[in-house]
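Peer 1: any chance you can model this:
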Amino acid sequence: MNTFEAYGAIAHVYDQLNAEIDYNSWADFVESCFDRFLPRRPTLVLDLACGTGSMTEQLASRGYDMIGIDASADMLSRAYERCARFPGTLLLQQDMRSFELYGTVGAITCCLDSLNYLLREEDLLSCFRTSHNYLDPDGLFLFDMNTPYKFETVYGSNAYILEDELIFGKGEDDEERAAIYCGWQNSYHPESGICEFDLSLFEELPDGTYRRSDETQRERAYSMECVKRLLEQAGFFLLGVFADWNFSPVTNATERRYFCARAIKS
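Peer 2: Here you go, the predicted structure:
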């Protein structure tokens, strides 16, 4: 899938379907990495593959000057609404493999397995190299990736149903609610490491009928060894890989790895 096409059908309900994600605690982890691995916290941060801007907003609210990059115009439109109260935030529609900035940043975040959407090693390496290019010397690259274990055991060829409500209006007096259902069928191919997600979204309309939207997404499982090798080729030094926001060590049953890498520049 062209990365510019992803999340077109579900961008407007993405936050509802991922409401369980605690971005506040995730931002705490990001700042803990700053404090652990940098002499001082950065002032300018890039949120790569920022999606609807949840992490961008979190970090902006903590005083960081933020840039958000995403390939999806639909997702960026939600990010624009979310970050409107931070007028200095810059949002750009660009490809994470070959983005361009006017200068370097002190740190880059890339959250919620966005890098798994790059299906070829050369694409992942291009993203690493571009990120390295736009980081200050010794700047941090913080990202997470779904593990092969998760693709094999949690996703596999399983199917899921996600059910929620869309809430419209700004207060209790003018609230309107509409049901949404998302059917999610997985198909994992161990030989390529690629998992296909066939999504069907049903949204309740005012007359009680439902509108259906379909979308297919793909992610690739990368081994720890592969990610380490590509980071090194791009000029990064891997500072640590963690199983959670408490810096726990990874195990064979870890579903998501959190990476922290430093940009080495002569």
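
Peer 1: mind listing what the nearest residue to Leu90 once chain neighbours are set aside touches?
Peer 2: Distances taken as C-beta to C-beta, 6 or more residues apart in numbering place Ile67 nearest to Leu90, at 4.7 Å, with adjacent residues excluded. Where C-beta positions appear, they are placed from N, C-alpha and C, glycine not excepted. Neighbour list for Ile67: 44-47, 89-92, 101, 105 [criterion: C-beta atoms under 8 Å, 6 or more residues apart in numbering].

Peer 1: how about the helices in the protein?
Peer 2: 14-17, 23-37, 54-61, 73-82, 121-133, 148-149, 224-234 (DSSP state H).

Peer 1: how close does the residue of the chain positioned farthest from its centre sit to Ala179?
Peer 2: Residue farthest from the centre of the chain, counting by C-alpha atoms, centre = their mean, is Asp207 at 34.9 Å. Going from Asp207 to Ala179 by C-beta to C-beta, to the nearest Å gives 13 Å.

Peer 1: list the residues that are in contact with both of the two.
Peer 2: By C-beta under 8 Å, 6+ apart, no residue touches both Asp207 and Ala179.

Peer 1: could you check how far Trp108 is from Cys127?
Peer 2: Heads up, residue 108 is Ile, not Trp. 10 Å.

Peer 1: so what sits against both of the two?
Peer 2: Common neighbours of Ile108 and Cys127 (C-beta under 8 Å, 6+ apart) are Leu48.

Peer 1: can you give the domain ranges for the chain?
Peer 2: Under automatic domain parsing, the residue ranges defining each domain of the chain are 11-148+222-263, 151-219.

Peer 1: rank those domains by pLDDT, which is bottom?
Peer 2: Within the domains of the chain, confidence is poorest for domain 151-219, with a mean of 80 (mean pLDDT).

Peer 1: quick one, which of the domains of the chain is packed in tightest?
Peer 2: Using mean count of other C-beta atoms under 10 Å, the stretch among those with the largest mean neighbour count is domain 11-148+222-263, at a mean of 18.

Peer 1: roughly how far is that one from the heart of the chain?
Peer 2: 7 Å (C-alpha atoms, centre = their mean, to the nearest Å).

Peer 1: cool, stretch 214-232 as well?
Peer 2: 13 Å.

Peer 1: what sits up against it?
Peer 2: 1, 6-10, 113, 116-121, 124-125, 128, 145-148, 150-152, 192-201, 238, 241, 250, 257, 259, 261.

Peer 1: before we move on, what about stretch 182-190?
Peer 2: So stretch 182-190 is contacted by 10, 13, 17, 151-152, 155-163, 194-202 (C-beta under 8 Å, 6+ apart).

Peer 1: what about these, which are in strands?
Peer 2: Among these, the members falling in strands (DSSP state E) are 159-163, 194-202.

Peer 1: closest to Tyr23 among those residues?
Peer 2: Leu162 (18.6 Å; C-beta to C-beta).

Peer 1: what pairs with the top strand by length along the chain, parallel or antiparallel?
Peer 2: Among all segments of the chain classified by DSSP E, the strand with the greatest residue count is strand 176-189. Sheet pairing for strand 176-189, assigned by DSSP bridges, gives strand 159-168 (antiparallel), strand 194-204 (antiparallel).

Peer 1: residues in contact with the last one?
Peer 2: Around strand 194-204, the neighbours that count as contacts under C-beta under 8 Å, 6+ apart are 9-10, 13, 119, 151, 155, 166, 178-189, 210-221.

Peer 1: residues contacting the closest residue to Asp123 other than its chain neighbours?
Peer 2: Distances taken as C-beta to C-beta, 6+ apart put Arg97 closest to Asp123, at 5.4 Å, once the chain neighbours are dropped. Arg97 makes contact with 3, 118, 123, 126-127, 130, according to C-beta under 8 Å, 6+ apart.

Peer 1: again with Leu239
Peer 2: 37, 140, 260-262.

Peer 1: what about it, distance to Ser126?
Peer 2: Distance from Leu239 to Ser126, by C-beta to C-beta: 22 Å.

Peer 1: equivalent analysis for Asp95, please.
Peer 2: 9 Å.

Peer 1: same check, this time on Gly193
Peer 2: 18 Å.

Peer 1: and for Arg41?
Peer 2: 28 Å.
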